[in-house]
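Trainee: need a structure here:
(2 chains)
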Amino acid sequence: MIIDFKHTQSAHCECGVTANLINHAVKESDPQLSEALAFGIGQGIFFGYLPFIKVNELPLTTFRCPVGKIFKSVTRSLGIDVKWQKFSSVPKAMDALDMELDKGHPVGCRTGGYWLPYFPPALRFHFNMHNIVVIGKQGDNYIISDPVFPSVVECPAKDLALARFAKGALAPKGSMYRITRVPGKIDLKPAILSGIKGAAKSMVKTPVPFLGTRGIRFLGKCVEKWPEKFGQEKTILLLGQLIRMQEEIGTGGGGFRFMYSAFLQQAAGILDDPRLTPMAEQMTASGDLWRRFAVKAARHCKGRATQDDSVHAMRQVLNACADIETRTFKELLSIAG
Amino acid sequence: MLEKELLTTIVELCNVQEDIPDDFPMDAPLVGPDSLLGLDSLDAVEIVVMVQDVYGLRIDTQDQAREILSTIKTLAGYIRERGNL
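Mentor: Here you go, the predicted model:
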């Protein structure tokens, strides 16, 4: 059977799954959730530079909130109930999935994207945070609404099982979730305000220097010292890792700033609050600067950096990003606070 | 021709070392493992920023970028369509 489920493509998997699952569950008369609204209400925007946490032996930089927070925040603030399950055994996890599908429930699953065979080989890498919605089963193939793909895809059961039980950091352990109840009426306004407030707090009210806009400045300070501290070869590795996190995971750095800008534009309309429009423009300006930073870093990696791309120049770009985002989120906090 | 102009700009911008034949196929993959110019995602960021600076066109999401930067031809098509050339 295949559940009648509206598949909408998105740039970022968790936002896409959140929007698609909620839009399926609510009444037709309720407002539909866009990917950008899911990202904003879910407090997705963030920054953290955590040199003490290593990914592939290089420091972790994040441009978004932790995995799972978007779906949890959106459902919580809209009053939607969700059933979460994790499993210790593959057969139990697949049986539980089949049982939900038999009842006509679309099911969100966290997977290791590397094991999903419908991903083109060039895009397959070990990333255990890829969210999908399973919407049916035909023979031995599952029918999947994977929001980063333009249309519904099929996946053999053995591959989906591998993806649901991918090993390594943040192993999904068969994690699956489904919406069990939606309130009588969906009211986006308070959810948007609380999403803005939560995100703004995490960006400008952090107690530690490596998170939020202070974290952006901290990163700039570190980048400027990298060649002296680590030498040219490791600096290139560090810059490469940084812009990979920025541009290649999800919609990445610049991209997430653009998505937040789209959220603020939509929020301005829904809340009928024109003060949010210039905030959206500021976030676009910050996204553009993040991209300029990525270009400078890429030139180092490619051995074509000029004087304009020096680590000092890169620090200045990051400071400019931090200035814009500090101003924007302080203003947002005063609007939503 | 816009395609030729883009090819020249990209070759220079991304410091492509290979000799580019006169009959370079404009519908060949631009970025990725099959790129004839040897361009990867780091070069793609450079091209995205160039398109914004030179042609005033924003490419915001990665999906958009993937589609538009498929080939020189798709990039030129996007610029012609959106840039009113």
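
Trainee: could you use CA atoms for every contact and neighbour count after this?
Mentor: OK.

Trainee: what's the following helix or strand after the lowest-mean-pLDDT helix or strand in chain B?
Mentor: Lowest by mean pLDDT, DSSP states H and E among the helices and strands of chain B is helix B:62-68, with a mean of 80. Next along the chain after helix B:62-68, taking DSSP states H and E as the criterion, comes helix B:72-82.

Trainee: following element in sequence after the lengthiest strand in chain A, please.
Mentor: In chain A, ranked by residue count with DSSP state E as the criterion, the top strand is strand A:45-55. Per DSSP H and E, strand A:45-55 leads on to strand A:58-64 as the next helix or strand towards the C-terminus.

Trainee: just give me how far the helix or strand following that following strand sits from the chain centre.
Mentor: Once strand A:58-64 ends, the next helix or strand along the chain (criterion: DSSP H and E) is helix A:69-77. Counting by C-alpha atoms, centre = their mean, to the nearest Å, helix A:69-77 is centred 13 Å from the centre of its parent chain.

Trainee: residues in contact with helix A:69-77?
Mentor: A:14-15, A:18, A:38-39, A:41-44, A:81-82, A:190-191, A:194 (C-alpha atoms under 8 Å, 6 or more residues apart in numbering or on different chains).

Trainee: now that helix: buried residues?
Mentor: Applying a neighbour-count criterion of 16 or more other C-alpha atoms under 10 Å in any protein chain shown, one finds A:69-71, A:73-75, A:77 buried in helix A:69-77.

Trainee: let me know the angle separating it from strand A:45-55.
Mentor: Here helix A:69-77 runs at an angle of 140 degrees relative to strand A:45-55 (axes from the mean of the first three to the mean of the last three C-alpha atoms, to 10 degrees).

Trainee: and helix A:69-77, average pLDDT?
Mentor: In this model, helix A:69-77 has an average pLDDT of 96.

Trainee: I'd assumed residue B:12 was in contact with residue B:47.
Mentor: No. With contact defined as C-alpha atoms under 8 Å, residue B:47 does not reach residue B:12; the gap is 11.0 Å.

Trainee: who has more neighbours, these two?
Mentor: Shown here are residue B:47 and residue B:12; by other C-alpha atoms under 10 Å in any protein chain shown, residue B:47 has more neighbours (22 against 11).

Trainee: sec struct for the more buried one, please.
Mentor: Per DSSP: H, G, I helix; E, B strand; the rest coil, the local secondary structure of residue B:47 is helix.

Trainee: before we move on, back to that, how about the least confident helix or strand of chain B, does it reach chain A?
Mentor: Yes. On the criterion C-alpha under 8 Å from any C-alpha of the partner chain, helix B:62-68 is in touch with chain A at B:62-63.

Trainee: averaged pLDDT, stretch A:229-243. What do you get?
Mentor: On average, stretch A:229-243 scores 93.

Trainee: show me which residues of it are buried.
Mentor: A:235-236, A:238-243.

Trainee: mind listing which of these are in helices?
Mentor: A:235-236, A:238-243 (DSSP state H).

Trainee: out of the contacts of helix A:69-77, which are buried?
Mentor: Using 16+ other C-alpha under 10 Å as the burial test, these include A:14-15, A:18, A:38-39, A:41-44, A:82, A:191, A:194 as buried.

Trainee: quick one: low-confidence ranges for chain B?
Mentor: The model of chain B has pLDDT under 70 over residues B:84-85.

Trainee: chain A contacts on that one?
Mentor: So far as C-alpha under 8 Å from any C-alpha goes, chain B lies against chain A at B:15, B:32-33, B:42-43, B:45-46, B:49, B:60-63.

Trainee: give me the phi and psi for residue A:103.
Mentor: Here is the backbone geometry of residue A:103 (degrees, to the nearest 10): phi -80, psi 0.

Trainee: a markdown table for the buried residues of stretch A:229-243, including distance to residue A:30?
Mentor: Shown next, in a markdown table, are the buried residues of stretch A:229-243 (distance: C-alpha to C-alpha, whole Å):
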| residue | distance to residue A:30 |
| --- | --- |
| A:235 | 51 |
| A:236 | 50 |
| A:238 | 46 |
| A:239 | 45 |
| A:240 | 44 |
| A:241 | 42 |
| A:242 | 40 |
| A:243 | 39 |
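
Trainee: sweet, I'm off.
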